[in-house]
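> Provided below for reference: sequence and predicted model.
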Amino acid sequence: MHKTPLNHIHKQLGAKMVDFAGWEMPVLYSSILEEHRYTRSDCTLFDISHMGRLTITGGQASQLLERTCTRALGEAQVGRSYYSHICNEAGGILDDVIVSRYETHWGVVCNASNREKIVAWLNRYAADYDAQIKDTTFDTAMLAIQGPATLDLADKVLPLPVGDLKRYGFTSGKYVGMAYTVFRSGYTGEDGLEVIMPAGAVAMAWQFMVDGAKNVGAEIKPAGLGARDTLRLEAAMPLYGHELTEEIDSISAGHRWCIDLTKDFIGAKAMRAVDEQGPERTLVGLRLAGKRAARQGQAILDASGRAVGTITSGSFSPTLETPIALGYVEPAVDEPGTALQVDIRGTHAEAQVVPLPFYKREQP
């Protein structure tokens, strides 16, 4: 099992460790509820070094990414990141990725569970281009600093200005000889930063952030994968293996906005057919009555008890204080306000289709 460079710190902090996609990762430190709520109110620190980090170089790196990614990247701006899907020929989603345009190369962040698959996929098509893929996952580390206090705190603590970064913008440089990239992005529904740096420097950076916050009268608390999952669910952000799989196309997943059907990316032909005919299933948000949470794989039923879909993610929402879920349903029942049911171990719990996201942060 892989371990991130912060593994010893997680254990010193008393984290409960679990196997996640072949990595030993902290699922919680104090409690998922506490870590979730502190992210919504203040600022938390996540170790996300398990995520795949790839560097793509060469004179035709952009052409390779245009071919393999659903997003139009031909005119990508230096210093900007772009959410995209990488699909197979049938339009199924191999992974959802963040593609970043540097001055001299491209960066791709992919899911830990899909890293080897995506590296192999890109190398398969790189043979047709002047492009080289380097997997830097084990040479680097990645932190996420998330919550409404993040930007103000980071400007006080970090040795570089970040408050002027736009959403999905990033800046790169060196500090005491250490290369870094700071992105204004995240997976929690809150404002925040994600930082990539050398693996050997991340433990120092973790402590630097924690101590720096104390020096300005604030506190950054660690948060684990458990809170990360409930936070992303409230923000209706998809999780690979749940909302996104190789059996689901990008349009059915509700991500038409990150697809350019005017270009010939892998899977475009299949997706044009879905776009023309309309998807057979659509992703919706559900708010459930009672206190029992729905779980992945449970059936969604219409008012007559007929199965019309399947839950992909479900949890009790700490912010809304009610069970929420995402799931795929027939288009005939996907309108907000539609009354449905979820079969929770033989009990039919009342549910209603609601607009997404479930939670949206207040804009400053």
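Alright, I've got the coordinates.

> which residues of this protein score low on pLDDT?
363-364 (pLDDT under 70).

> buried residues in the longest helix along the chain?
Of all the segments of type helix in the chain, defined by DSSP state H, the longest one is helix 202-215. Neighbour-count burial for helix 202-215, counted by 16 or more other C-beta atoms under 10 Å, picks out 202, 203, 205, 206, 209, 210, 212, 213. Just so you know, the C-beta spots here come from the backbone N, C-alpha and C atoms, and that holds for glycine as well.

> the first one contacts residue 49, doesn't it?
Yes - contact criterion C-beta atoms under 8 Å: residue 202 and residue 49 qualify, at 6.9 Å.

> need the residues touching each of these two.
Common neighbours of residue 202 and residue 49 are listed as 4, 5, 6, 141, 143 (criterion: C-beta atoms under 8 Å, 6 or more residues apart in numbering).

> take those and keep only those in strands.
Those of the shared contacts of residue 202 and residue 49 mapping onto strands are 141, 143, per DSSP state E.

> just the buried ones from the shared contacts of residue 202 and residue 49?
4, 5, 6, 141, 143.

> pull the contacting residues for the residue nearest to the first one when sequence neighbours are not counted.
Spelled out, it's residue 4. Spatial nearest neighbour of residue 4, chain neighbours left out: residue 49 (3.8 Å); criterion: C-beta to C-beta, 6 or more residues apart in numbering. For residue 49, the contact set (C-beta under 8 Å, 6+ apart) comprises 4, 5, 6, 140, 141, 142, 143, 199, 202.

> please identify the helix or strand for residue 49.
Assigned by DSSP states H and E, residue 49 belongs to neither a helix nor a strand.

> need the phi and psi values for the residue nearest the centre of the chain.
Centroid-nearest residue in the chain, with C-alpha atoms, centre = their mean: residue 187, separated by 4.7 Å. Torsion angles at residue 187 (phi, psi; degrees, to the nearest 10) stand at phi -130, psi 30.

> so for stretch 30-46, what gets flagged as buried?
So for stretch 30-46, counting by 16+ other C-beta under 10 Å, buried means 30, 32, 34-40, 42-46.

> now for those: which two are most distant?
Maximum pairwise distance among the buried residues of stretch 30-46 (C-beta to C-beta): 17.1 Å, between 32 and 43.

> what about the helices in the stretch 201-350 of the chain?
202-215, 225-234, 268-277 (DSSP state H, counting those that start in this stretch).

> report the distance from the first one to the chain centre.
Same thing as helix 202-215. 24 Å (C-alpha atoms, centre = their mean, to the nearest Å).

> residues making contact with that helix?
Against helix 202-215 from outside (C-beta under 8 Å, 6+ apart): 4-6, 8-9, 43, 45, 47, 49, 141, 143, 145, 153, 156-158, 195, 197, 219-220.

> from those residues, which land in strands?
45, 47, 141, 143, 145, 195, 197.

> surely the fourth one touches residue 51?
No - using C-beta under 8 Å as the test, residue 143 is too far from residue 51 to be in contact (10.9 Å).

> adding distance to residue 284, write the buried residues of helix 202-215 out as a markdown table.
Listed next are these as a markdown table, based on distance: C-beta to C-beta, whole Å:
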| residue | distance to residue 284 |
| --- | --- |
| 202 | 39 |
| 203 | 42 |
| 205 | 40 |
| 206 | 38 |
| 209 | 38 |
| 210 | 40 |
| 212 | 42 |
| 213 | 39 |
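
> which one of those residues sits closest to residue 224?
Nearest member of these to residue 224, counting by C-beta to C-beta, is residue 206, at 14.0 Å.

> what about residue 79, neighbour count?
Counted by other C-beta atoms under 10 Å, the residues lying close to residue 79 total 16.

> again, but for residue 130
By other C-beta under 10 Å, neighbour count at residue 130 equals 12.

> so who does the nearest residue to residue 293 once chain neighbours are set aside touch?
Leaving aside its sequence neighbours, residue 293 sits nearest to residue 323 (C-beta to C-beta, 6+ apart; 4.4 Å). Residues in contact with residue 323 (C-beta under 8 Å, 6+ apart) are 287, 288, 290, 291, 292, 293, 294, 314, 315, 316, 317, 349.
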